[in-house]
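**Q** quick check, what structure comes out for this input:
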Amino acid sequence: MLLPSARGPQRTGGGPGRSCSRFEPATVAWTWWRSPQGADHLLAAGSRRVTRLTVKGPDWSADRPAPDHTLSVERPARAAVQVETLLDNGTRISPPH
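**A** As a prediction, the model looks like this:
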């Protein structure tokens, strides 16, 4: 993922599987990022078939169309979240664990 103000792409997670390959081309990933001003943002990005991104926290949620396959949500504090994406064929996927 290329984070704002980063000097280059950074690996923010990973796991076993074939996500983002010719076998499973649809994928989604997310990470927390702290702005230079100190605000926490949840950043999510998906592959080209992603049309909508949904993020759920303990007491908040965001469900938005994602024409550019990305989502940024400013939150007052980091928390456990669930991220899900809707593909152009109606399939829902989540990031690999």
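**Q** now for the strand or helix carrying Leu71, which elements pack on it?
**A** Applying DSSP states H and E as the criterion places Leu71 in strand 70-75. Packed against strand 70-75, as judged by 3 or more Cβ pairs under 8 Å, 6 or more residues apart in numbering; DSSP states H and E, are the following elements: strand 40-46, strand 50-56, strand 61-65. For every residue, glycine as well, the C-beta is placed using N, CA and C.
**Q** as JSON lines, those strands with mean neighbour count would be great.
**A** Shown next, in JSON lines, are those (neighbours: other Cβ atoms under 10 Å):
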{"stretch": "strand 40-46", "mean neighbour count": "20"}
{"stretch": "strand 50-56", "mean neighbour count": "19"}
{"stretch": "strand 61-65", "mean neighbour count": "13"}
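**Q** distance to Arg92 added to those strands, as JSON lines?
**A** Converted to JSON lines, the helices and strands packed on strand 70-75 look like this (distance: least, Cβ to Cβ, whole Å):
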{"stretch": "strand 40-46", "distance to Arg92": "11"}
{"stretch": "strand 50-56", "distance to Arg92": "9"}
{"stretch": "strand 61-65", "distance to Arg92": "12"}
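**Q** which of the ones you listed sits closest to Ser72?
**A** If you check each of the helices and strands packed on strand 70-75 against Ser72 by Cβ to Cβ, strand 40-46 wins as the nearest, at 5.4 Å.
**Q** rewinding a little: need the helices and strands packed on strand 70-75 in TSV with mean pLDDT and distance to Ala79, can you?
**A** Formatted as TSV, the helices and strands packed on strand 70-75 follow (pLDDT from 0 to 100; distance: least, Cβ to Cβ, whole Å):
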stretch	mean pLDDT	distance to Ala79
strand 40-46	92	9
strand 50-56	95	10
strand 61-65	94	12
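**Q** closest to Arg34 out of those?
**A** strand 40-46 (5.5 Å).
**Q** what lies in contact with that closest one?
**A** 1, 3, 26-35, 53, 55, 66, 69-78, 81, 83, 85 (Cβ atoms under 8 Å, 6 or more residues apart in numbering).
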